[in-house]
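Participant: how would this look folded up:
(chains A and B)
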Amino acid sequence: MEGKNRYIKKIKMNFEKNIKDVLKKQLNLKEVVLEIPSNIELGDYAFPCFTLSKFLKKSPVQISKELEQKIKLPKGVIKIISIGPYLNFFIDKTIFSKEVITNILRKKEKYGSSCFGKKEKVLVEFSSPNIAKPFGIGHLRSTVIGNSLAKIHSFLGYNVIKVNHIGDWGTQFGKLLYSFEKWGNKRDLRKDPINYLFNLYVKFHNELEKDNLLIEDARIYFKKLEEGNVKLTKLWSLFSSLSLSEFQRVYNLLNIDFDYIQGESFYQSKLDSTIDIIKKTIPTEISEGALIVNLKKKNMPPLLLRKTNGSTTYHTRDMAAALYRLNKFKPKKLLYVVGSEQRLHFNQLFEVLSMMNLSREKFNHVDFGLINFPEGKMSTRKGNIILLEEVLDKSINLALTTINKKNPSLKNKEIIAKKVGIGSIIFADLSNDRIRNISFDWDKILDFEGETAPYIQYTYARARSILKKSKIKILSKNKIDFSLITTKEEYNLIKQISIFEEVLMKIATDLKPHHLAKYLLVLSQSFNEFYHKHKVIDLDNKEIMLARASIVYSVAQIIKNGLNLLGIDVSEEM
RNA sequence: GGACCUAUAGCCUAGUUUGGAUAAGGCGUCAGCCUUCUAAGCUGAAGAUCCAGGGUUCAAAUCCCUGUGGGUCCGCCA
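Facilitator: Below is the predicted model:
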């Protein structure tokens, strides 16, 4: 708690501490707990009197009433009122507003950032699409969650390493190489690489249903690949480079980049030594001809290091990756942004690492739910998936249509449509707790009203438009009279603004970006309420105009900073 | 058979980790608001046995137990 305060309490006046000190002295207690009232009109802090009633042998209502009479005003507090069993504190809005707003005017696009992370390294593994398969809507989740977590950690002063752990190895490539040799040719491959390979993959699975011995052929092909068969390796690397250049299109669209693209194949040369280290450090055994780490004591199935035929599994490659990353980057935290269906896999992996005395706490499986069709599961193998590019394109097109309808004279329509269309898709994913499954619905994902990115982007454009029309230059050296901030709507905004940093810190702890998405929605809602109730541009009262404009400026700045941390762009107009 | 996740208005969700003041928001429905800073907006109304049943507590959507529904996973796929 203390450590937390050190980083986030840039505000000089520590209202909370002042109130606690006075209460502690008055009640002769070592510790008191304050709450934030549910309604802003009930005050800024509240002290519940329930627990006291036991040894004071009075009702909480009575205690609260007596305290109201006896207690002296803490510094920064202007009013104390007993409301039922609570003692409610109202702080000096002028001081509070001044400290919050001056802070943001000073820090601008850095507002909310800090040195909380102390430059410690955080490795984020995310996106990780599979070569030779289309970039489906399912891969959106890891991509945008990982990107957002990476950005937020950087913003909080961590040294972030972004790794794209491409699925480019394993029996699936045995299947593909086998299929290509049997049914494929290079001329058709060049025309439309991913679709062509994808169709081969689907064909393989169709054939597999008729003849389940085919899987053995696939395993043999993968074994040959692992052993460095020249012809297959050449083919594999052709598939790989064709796929990567297609993926790059999606990353460009989403404006996402990586520090390392190290697919599973990257660890191939490190597998033997990895197995050696594991064998030396912890007990392993041969079971049904395969090399395993037995995890029965941990109530888990074994970790499979080497298959009966001698080739490796993704367990082995993930172990190699973990050891390599610990050794090379010495990270404080490692985040694996991978779907929740792999939970057991990561629990096994982390358990083995912990058996090897490699600190378990560093490793985090940032898991998330599936994207399903309302009628059931999407399946790459069966070929019923939705392409991410298709979703993005549709969304951008719809945004363009909407602009033409609502604001036909707007300049740079295409650029803005792209920001809105893509932002909308990203936000739809990030705005709910990642653990929940998502039921894919075209109508829902192509909706720009209500709790969506366009709603927030629109709020931003509104705010910027006011500032532009007011012709006021908001500078940190401006003399702003904060005592003119008197309305409920204004103060509500100041309160919202003040907790931005706390929201980011929470995300660094529980790794859930939806807190930020929900925060930006509430901030935008509060702003729109304010917007409709109070006029900012008022040429008769320049002082009030300046005070209100400083709030408008601050809200816009936070929306910009916040959306950016989710990987979403804003536009000055829309 | 076992393990993990999940359940909040017609629908989608926040709140659950850290128990407190009338359970919050969006979609949809109904009634209003554009000659005044962008209506992708705002105001109001209707709409909730917080899955069920027990327990702990002054106080439970939140903690504990037992069920039920849904999802995911359970060595040679990743």
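Participant: In contact with A:Pro301, which residues?
Facilitator: Neighbour list for A:Pro301: A:295, A:344, A:348 [criterion: C-beta atoms under 8 Å, 6 or more residues apart in numbering]. C-betas here are computed from N, CA, C, even on glycine.
Participant: Identify those among those that sit within helices.
Facilitator: With helices taken from DSSP state H, the overlap with the contacts of A:Pro301 comprises A:344, A:348.
Participant: So which of the contacts of A:Pro301 reach RNA strand B?
Facilitator: Restricting the contacts of A:Pro301 to those touching RNA strand B (C-beta under 7 Å from any atom of the strand) yields A:Leu344.
Participant: from the contacts of A:Pro301, which would you call buried?
Facilitator: Buried residues within the contacts of A:Pro301, counting neighbours by 16 or more other C-beta atoms under 10 Å: A:295, A:348.
Participant: Mind putting the contacts of A:Pro301 into JSON lines with distance to A:Ile474 and pLDDT?
Facilitator: What follows is the contacts of A:Pro301, written out as JSON lines (distance: C-beta to C-beta, whole Å; pLDDT from 0 to 100):
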{"residue": "A:Leu295", "distance to A:Ile474": "59", "pLDDT": "95"}
{"residue": "A:Leu344", "distance to A:Ile474": "53", "pLDDT": "96"}
{"residue": "A:Gln348", "distance to A:Ile474": "54", "pLDDT": "96"}
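Participant: Of the contacts of A:Pro301, which is the nearest to A:His205?
Facilitator: Checking the contacts of A:Pro301 against A:His205 with C-beta to C-beta, the nearest one is A:Leu344 at 23.5 Å.
Participant: so that closest one sits right up against A:Pro302, yeah?
Facilitator: No. A:Leu344 sits out of contact with A:Pro302 when judged by C-beta atoms under 8 Å, with a separation of 11.6 Å.
Participant: so which of the contacts of A:Pro301 comes closest to A:Tyr86?
Facilitator: The nearest member of the contacts of A:Pro301 to A:Tyr86, counting by C-beta to C-beta, is A:Leu344 at 46.4 Å.
Participant: Quick one: neighbours of the closest residue to the closest one other than its chain neighbours, just the number.
Facilitator: Spatially, and ignoring its direct neighbours in sequence, A:Leu344 is nearest to A:Met300 (6.9 Å; C-beta to C-beta, 6 or more residues apart in numbering). Summarising burial for A:Met300: neighbours were counted as other C-beta atoms under 10 Å, giving 16.
Participant: Same check on A:Leu387?
Facilitator: A:Leu387 is flanked by 15 other residues according to other C-beta under 10 Å.
Participant: Do stretch A:389-406 and RNA strand B come into contact?
Facilitator: Yes. With C-beta under 7 Å from any atom of the strand as the criterion, RNA strand B is reached by stretch A:389-406 at A:399, A:402-403, A:406.
Participant: Is there a quick ChimeraX command that grabs whichever of these are buried?
Facilitator: Selecting only the buried entries of those in ChimeraX, with 16+ other C-beta under 10 Å as the criterion:
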select /A:399,402,403
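Participant: Just the ones in helices from the residues of stretch A:389-406 next to RNA strand B, please.
Facilitator: Within the residues of stretch A:389-406 next to RNA strand B, membership in helices is found for A:399, A:402-403, A:406, as judged by DSSP H.
Participant: Which two of these have the greatest separation?
Facilitator: The two members of these with the most space between them (C-beta to C-beta) are A:Ala399 and A:Lys406, at 10.5 Å.
Participant: Now do the SS call for A:Thr509.
Facilitator: Here A:Thr509 is helix, with the state taken from DSSP: H, G, I helix; E, B strand; the rest coil.
Participant: ok, so what distance separates it from A:Asp433?
Facilitator: If you measure A:Thr509 against A:Asp433 using C-beta to C-beta, to the nearest Å, the figure is 14 Å.
Participant: Looking at those two, which is more packed in?
Facilitator: In terms of neighbours (other C-beta under 10 Å), A:Asp433 is the more surrounded of A:Thr509 and A:Asp433; the figures are 13 against 9.
Participant: check contacts around that one.
Facilitator: Applying C-beta under 8 Å, 6+ apart, one finds that A:Asp433 lies in contact with A:512, A:514.
Participant: do that again at 10 Å, thanks
Facilitator: Listed by C-beta atoms under 10 Å, 6 or more residues apart in numbering, the contact set of A:Asp433 reads A:368-369, A:510, A:512-515, A:518.
Participant: Can you tell me which of these are buried?
Facilitator: Applying 16+ other C-beta under 10 Å to the contacts of A:Asp433 flags A:368-369, A:512-515, A:518 as buried.
Participant: Quick check: the gap between A:Val122 and RNA strand B.
Facilitator: 19 Å (C-beta to the nearest atom of the strand, to the nearest Å).
Participant: sorry, back to before: among the buried ones among the contacts of A:Asp433, which are in reach of RNA strand B?
Facilitator: Here is what survives when these are matched to RNA strand B using C-beta under 7 Å from any atom of the strand: A:369, A:512, A:514-515, A:518.
Participant: which element is the spatially closest residue to A:Ile456 that is not a sequence neighbour on?
Facilitator: In space, not counting the residues next to it along the chain, A:Ile456 is nearest to A:Ser524; the distance is 4.8 Å by C-beta to C-beta, 6+ apart. A:Ser524 belongs to helix A:514-533 when elements are defined using DSSP states H and E.
Participant: can you check A:Lys512 too?
Facilitator: Under the assignment given by DSSP H and E, A:Lys512 is not contained in any helix or strand.
Participant: Please apply the same query to A:Leu392.
Facilitator: With DSSP H and E as the criterion, A:Leu392 is inside helix A:388-406.
Participant: The following helix or strand past that helix: which residues count as buried?
Facilitator: Proceeding C-terminally, helix A:388-406 gives way to helix A:413-430 as the next helix or strand, assigned by DSSP H and E. For helix A:413-430, the buried set under the neighbour-count rule, 16+ other C-beta under 10 Å, comprises A:413, A:416-430.
Participant: just those residues now: which is nearest RNA strand B?
Facilitator: A:Val420 (4.6 Å; C-beta to the nearest atom of the strand).
Participant: Please work out how many residues are found near the closest residue to A:Tyr458 other than its chain neighbours.
Facilitator: For A:Tyr458, ignoring the flanking residues on the chain, the nearest one in space by C-beta to C-beta, 6+ apart is A:Met574 at 6.1 Å. A:Met574 is surrounded by 23 other residues when neighbours are defined as other C-beta under 10 Å.
Participant: I'd guessed A:Met574 sits against A:Leu400; true?
Facilitator: No. Between A:Met574 and A:Leu400 there is no contact under C-beta atoms under 10 Å: 11.5 Å.
Participant: shared neighbours, these two?
Facilitator: Common contact partners of A:Met574 and A:Leu400 (C-beta under 10 Å, 6+ apart): A:413, A:416-417, A:420.
Participant: Using PDB, write down the CA coordinates of the helix holding A:Ser524.
Facilitator: Once non-C-alpha atoms are left out, helix A:514-533 reads as follows in PDB (Å, rounded to 0.1, in the frame of the first residue of the first chain):
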ATOM      1  CA  HIS A 514     -11.000  -4.100 -19.500                       C
ATOM      2  CA  HIS A 515     -10.700  -2.000 -16.400                       C
ATOM      3  CA  LEU A 516      -9.200   0.800 -18.600                       C
ATOM      4  CA  ALA A 517     -11.900   0.300 -21.300                       C
ATOM      5  CA  LYS A 518     -14.700   0.600 -18.700                       C
ATOM      6  CA  TYR A 519     -13.000   3.600 -17.100                       C
ATOM      7  CA  LEU A 520     -12.900   5.400 -20.400                       C
ATOM      8  CA  LEU A 521     -16.600   4.700 -21.000                       C
ATOM      9  CA  VAL A 522     -17.500   6.100 -17.600                       C
ATOM     10  CA  LEU A 523     -15.300   9.100 -18.200                       C
ATOM     11  CA  SER A 524     -17.000   9.700 -21.600                       C
ATOM     12  CA  GLN A 525     -20.400   9.300 -20.100                       C
ATOM     13  CA  SER A 526     -19.600  11.800 -17.400                       C
ATOM     14  CA  PHE A 527     -18.200  14.200 -20.000                       C
ATOM     15  CA  ASN A 528     -21.300  13.900 -22.200                       C
ATOM     16  CA  GLU A 529     -23.500  14.600 -19.200                       C
ATOM     17  CA  PHE A 530     -21.400  17.700 -18.400                       C
ATOM     18  CA  TYR A 531     -21.500  18.700 -22.100                       C
ATOM     19  CA  HIS A 532     -25.300  18.700 -22.300                       C
ATOM     20  CA  LYS A 533     -25.800  20.600 -19.000                       C
END
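Participant: Right, I'll leave it there.
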